[in-house]
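Asker: Need coordinates for the below:
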Amino acid sequence: MAEQLKLGFVPLLDCAPLVVAREQGLFREQGLNVVLSREASWSSIRDKLNYGLLDGAQMLAPMPLAATLGLGSPALPSCSLMSLSRNGNAITCSVPFYQRLYEQADGETSPTALGSALRQQLSQLGRKPVFATVYPYSNHHYLLRDWLSRSGINPDTEIDWRAIPPAQMITALAQRRIDGYCVGEPWNSLAVLQGHGLIVAPGQQLCPEVPEKVFAVTQAWAEQHPESCAALIRALYQACHWISQCRDKQALLELLALPPYLDHSLLPLLETGYQHHWGSAPLHQQFFDPQMNAPSPLQGQWLVRQMLAAGQLSAADAELANRRLLPQVFRIDLFEQATRAMMPQA
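Answerer: Model prediction:
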């Protein structure tokens, strides 16, 4: 195994498996010496993995496939060793923009009603609405496009898009540089608590059970470090199970709020007692389920469909991905080998 491993993460609630694995000594139990590196953006994660500055990282579920296909950057064959979480995203709009939609919808607050209101507002705004996501190859991007399309809005011609790192979303919203965004927690709940935003829809209302974050390495690293790969999978799988069994969510938040991780940004949630609940819609963020944690090529098929619908893939590349690449990217074989003797039940 490697003497010391450097793993990257972006400060979101669903970096929890990496934080728990380190703080609860689960990496150490597997013979690993792990340093966690907080990164500002997903492009930073991608580039540092490419240049060997990180050994592995928390990634958006589509990123290993996008990297392997060379979408948005030089091709870097990568693989997902396990899924870390599903759900946990939301679409949030600035308070003034939400109020426009609310009034147009005659006080209805369903995603369908607010989406229809946005469509009706297009001719009255005098400009394209500006929406942000964290990365083009992300479920945030696909969920937002899906909501817009269902609302009768063409996401390619009627929306002005921005890419903004998660921790900078609220500032952009407060400064009125954007009208709304789709991002993971805590940046939706914090926007509400700080009075800058209101939530249009949790992601699981639009597309439930979507894998959100994965743990990924390059394919070359996986081939060169098979024992470390297995140990990382086991430690992170145990961490996901630990989170699912943790009854003291406040204690989990306090772990995440330590300075190396989300730091002071979580203070408002700690002070108010975060309940994983947005209005009348529960968050349903999930970290553990044996079927979910396994990086199945079936997950990849869903992602290929989203990339194709977003115009990010040609039909030929989509066929190549489905026929050849998905088993190389979604390494369910490595996951099953590493966890066969430990499989806890959900």
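
Asker: Pull up the gap between the nearest residue to S44 once chain neighbours are set aside and S85, please.
Answerer: Nearest in space to S44, with sequence neighbours left out and distances taken as Cβ to Cβ, 6 or more residues apart in numbering, is G8 at 7.7 Å. Heads up, the C-betas are built off the backbone N, CA and C, glycines and all. As judged by Cβ to Cβ, to the nearest Å, G8 and S85 stand 16 Å apart.

Asker: What pLDDT is listed against E103?
Answerer: Note on E103: pLDDT of 97.

Asker: Could you give the number of residues near it?
Answerer: 11 (other Cβ atoms under 10 Å).

Asker: Name the residues of the one helix or strand it maps to that come out as buried.
Answerer: In this structure, E103 sits in helix 95-104 according to DSSP states H and E. For helix 95-104, the neighbour count (16 or more other Cβ atoms under 10 Å) marks 97-98, 100-102, 104 as buried.

Asker: pLDDT averaged over the helix or strand just after that helix - what is it?
Answerer: Of the helices and strands lying after helix 95-104 in sequence (DSSP H and E), the nearest is helix 111-125. What helix 111-125 shows for mean pLDDT is 96.

Asker: Report all helices and strands that helix 111-125 contacts.
Answerer: helix 95-104, helix 139-150, strand 197-202 (3 or more Cβ pairs under 8 Å, 6 or more residues apart in numbering; DSSP states H and E).

Asker: Out of the helices and strands in the protein, which is least certain?
Answerer: The weakest-scoring helix or strand in the chain, judged by mean pLDDT, DSSP states H and E, is strand 277-278 (a mean of 40).

Asker: Next, give phi and psi for I91.
Answerer: phi -100, psi 120 (degrees, to the nearest 10).

Asker: In contact with it, which residues?
Answerer: 111, 143-144, 147, 180-182, 199-201, 203, 206 (Cβ atoms under 8 Å, 6 or more residues apart in numbering).

Asker: can I get the residues you listed in JSON lines with distance to E227 and neighbour count?
Answerer: Shown next, in JSON lines, are the contacts of I91 (distance: Cβ to Cβ, whole Å; neighbours: other Cβ atoms under 10 Å):
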{"residue": "P111", "distance to E227": "46", "neighbour count": "18"}
{"residue": "L143", "distance to E227": "37", "neighbour count": "24"}
{"residue": "L144", "distance to E227": "40", "neighbour count": "27"}
{"residue": "W147", "distance to E227": "43", "neighbour count": "25"}
{"residue": "G180", "distance to E227": "45", "neighbour count": "25"}
{"residue": "Y181", "distance to E227": "41", "neighbour count": "29"}
{"residue": "C182", "distance to E227": "38", "neighbour count": "28"}
{"residue": "I199", "distance to E227": "44", "neighbour count": "20"}
{"residue": "V200", "distance to E227": "46", "neighbour count": "27"}
{"residue": "A201", "distance to E227": "43", "neighbour count": "24"}
{"residue": "G203", "distance to E227": "36", "neighbour count": "29"}
{"residue": "L206", "distance to E227": "40", "neighbour count": "21"}
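
Asker: and the residues you listed as JSON lines, adding distance to L298?
Answerer: As requested, these are exported to JSON lines (distance: Cβ to Cβ, whole Å):
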{"residue": "P111", "distance to L298": "26"}
{"residue": "L143", "distance to L298": "19"}
{"residue": "L144", "distance to L298": "23"}
{"residue": "W147", "distance to L298": "23"}
{"residue": "G180", "distance to L298": "31"}
{"residue": "Y181", "distance to L298": "29"}
{"residue": "C182", "distance to L298": "23"}
{"residue": "I199", "distance to L298": "29"}
{"residue": "V200", "distance to L298": "29"}
{"residue": "A201", "distance to L298": "25"}
{"residue": "G203", "distance to L298": "19"}
{"residue": "L206", "distance to L298": "20"}
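
Asker: nearest to Q286, of the residues you listed?
Answerer: Of all these, G203 has the smallest distance to Q286: 12.0 Å, by Cβ to Cβ.

Asker: which residue sits closest to that closest one, ignoring its sequence neighbours?
Answerer: Using Cβ to Cβ, 6+ apart, the closest residue to G203 is N89 (3.6 Å).

Asker: List the buried residues of the longest helix anywhere in the chain.
Answerer: When the chain is parsed with DSSP state H, its longest helix is helix 226-245. By 16+ other Cβ under 10 Å, the buried positions in helix 226-245 come out as 228-243.

Asker: low-confidence ranges in the stretch 151-300 of the chain?
Answerer: Residue ranges of the stretch 151-300 of the chain with pLDDT under 70: 271-283.

Asker: please redo it, this time with the cut-off set to 50
Answerer: 276-282 (pLDDT under 50).

Asker: Tell me where it has strands.
Answerer: Under the criterion DSSP state E, counting those that start in this stretch, the stretch 151-300 of the chain contains strands at 160-163, 180-184, 197-202, 211-218, 277-278, 281-282.

Asker: for those, which one sits closest to L320?
Answerer: Using Cβ to Cβ, these put strand 211-218 closest to L320, at 19.4 Å.
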